[in-house]
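**Q** Quick one, structure for this:
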Amino acid sequence: MNVANMIGGFQEYYGLQQQPFSLAPNTEFYVEIKTQQECFNVLSYALLAGEGFIKITGDVGTGKTLLCRRLLNSLHADEYVSVYIPNPALDPQALWRAIGHELEVGVNNVDIHQVQERIQQRLLSLAQQGRSVVLVVDEAQCIPEDSLEALRLISNLESESRSLIQIVLFGQPELNDLLALHRFRQLKQRITYSAELRAMDAASMQHYIQQRMILAGYRGMPVFEEKALKLMKKATAGIPRLINIIAQKALFSAFGGGARSVSEAHIRAAVKDTEGAKPLALKNRFYWKEISLILLMLILVALHELG
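**A** Below you'll find the predicted structure:
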């Protein structure tokens, strides 16, 4: 069986049109879970309020980038202009120029003061059109200290009646440590809304897995056995990225062994093969066979995607 046939056979086996547990932050696979919705509600309300910084924090793998994408997709072009900075590890001048580029003002062959003036004029023009500007910074814990101070200065740009730009910071918990520094006390006071993305509880995880399967095309009774889900919760601590990785590997393992459901054995083998997962004791040699199947499947999938 060649790779394409193997992938097709896997999807046909479960009645899928797509891979259900891809790590790409695809908003088509967004699943409504409590912590995501709470954070999105905070974002929506804060943007309507129209002032200040907004901060969303969450540990690695909790879904910050997916939430960020969902926010950007929700901003209607007739009301909002979005400025997206996915990699903020920039010095202050580079940050100003990146924002200017996103706002479609000329930033080449001009000094930084001209860039700042052009940005302010663009913001004023958009405000006169009744459009709000939202600056979204992903991985905000990576911002150099001087550049974080530049963000505070950017937030000072305002008309007589309103702020000209709102700034949304998405970051890991280290962002809180950065903002706690004395030099950023003014910026911290401007954070009018904040929320934290938390790991899933057991009920949310079960709902998440089933909904991802449905979104990928599956129709039928739950594939993951109850005991398998309990093990997955223990191994992943409810972190979505780890759930995706282990669920995908366990499905491949079940497919490779001709099983219709994902059992404890498949989860244990997937966990053994996953960095970052909490280890589970292996009970017997059967699991090593499952691990070998998983590795073979993943290698074939990787070769297929590279091709």
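
**Q** Wait, a strand at Arg260?
**A** No - looking at Arg260 with DSSP: H, G, I helix; E, B strand; the rest coil, it is coil, so not inside a strand.

**Q** number of nearby residues for it?
**A** Neighbour count of Arg260, defined by other C-beta atoms under 10 Å: 11. Placement of C-beta: from N, CA and C, glycine included.

**Q** go on, Ala24?
**A** Ala24, neighbours per other C-beta under 10 Å, totals 10.

**Q** I'd guess it is in a helix, am I close?
**A** No - checked against three-state DSSP, Ala24 lies outside a helix; its state is coil.

**Q** For it, report the pLDDT, please.
**A** According to the prediction, Ala24 has pLDDT 86.

**Q** Buried residues, stretch 19-26. List them.
**A** Judged by neighbour count (16 or more other C-beta atoms under 10 Å), stretch 19-26 contains these buried residues: 19-21.

**Q** Kindly indicate which of those residues lies nearest Glu174.
**A** Phe21 (27.3 Å; C-beta to C-beta).

**Q** returning to what we had before: now the buried residues of stretch 19-26 as TSV including pLDDT, secondary structure and distance to Gln210?
**A** Shown next, in TSV, are these (pLDDT from 0 to 100; DSSP: H, G, I helix; E, B strand; the rest coil; distance: C-beta to C-beta, whole Å):
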residue	pLDDT	secondary structure	distance to Gln210
Gln19	89	coil	16
Pro20	93	coil	10
Phe21	93	coil	12
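
**Q** And Gly61, its phi and psi?
**A** In terms of degrees, to the nearest 10, the main-chain angles of Gly61 are phi 80, psi 10.

**Q** burial of it, as a residue count?
**A** 22.

**Q** can you pull the contacts of it?
**A** Applying C-beta atoms under 8 Å, 6 or more residues apart in numbering, we find Gly61 in contact with 239-242, 276.

**Q** and if we set it to 10 Å?
**A** For Gly61, the contacting residues are 23, 172, 197, 199, 236-245, 276, by C-beta atoms under 10 Å, 6 or more residues apart in numbering.

**Q** before we move on, the earlier item: I'd like a version of the buried residues of stretch 19-26 in JSON lines, one that adds distance to Gly9 as further columns.
**A** Shown next, in JSON lines, are the buried residues of stretch 19-26 (distance: C-beta to C-beta, whole Å):
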{"residue": "Gln19", "distance to Gly9": "13"}
{"residue": "Pro20", "distance to Gly9": "16"}
{"residue": "Phe21", "distance to Gly9": "17"}
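
**Q** Would you quantify the distance from the residue lying closest to Cys142 once chain neighbours are set aside to Asp138?
**A** Using C-beta to C-beta, 6 or more residues apart in numbering and skipping residues adjacent in sequence, the residue nearest Cys142 is Ala89, 4.6 Å away. With the distance defined as C-beta to C-beta, to the nearest Å, Ala89 ends up 11 Å from Asp138.

**Q** So for these two, which sits in the more crowded spot?
**A** Just comparing Ala89 and Asp138: by other C-beta under 10 Å the higher neighbour count belongs to Asp138, 21 against 12.

**Q** what domains does the record give for this protein?
**A** The record's domain parsing of the chain by automatic domain parsing lists 3-24+223-306, 34-197.
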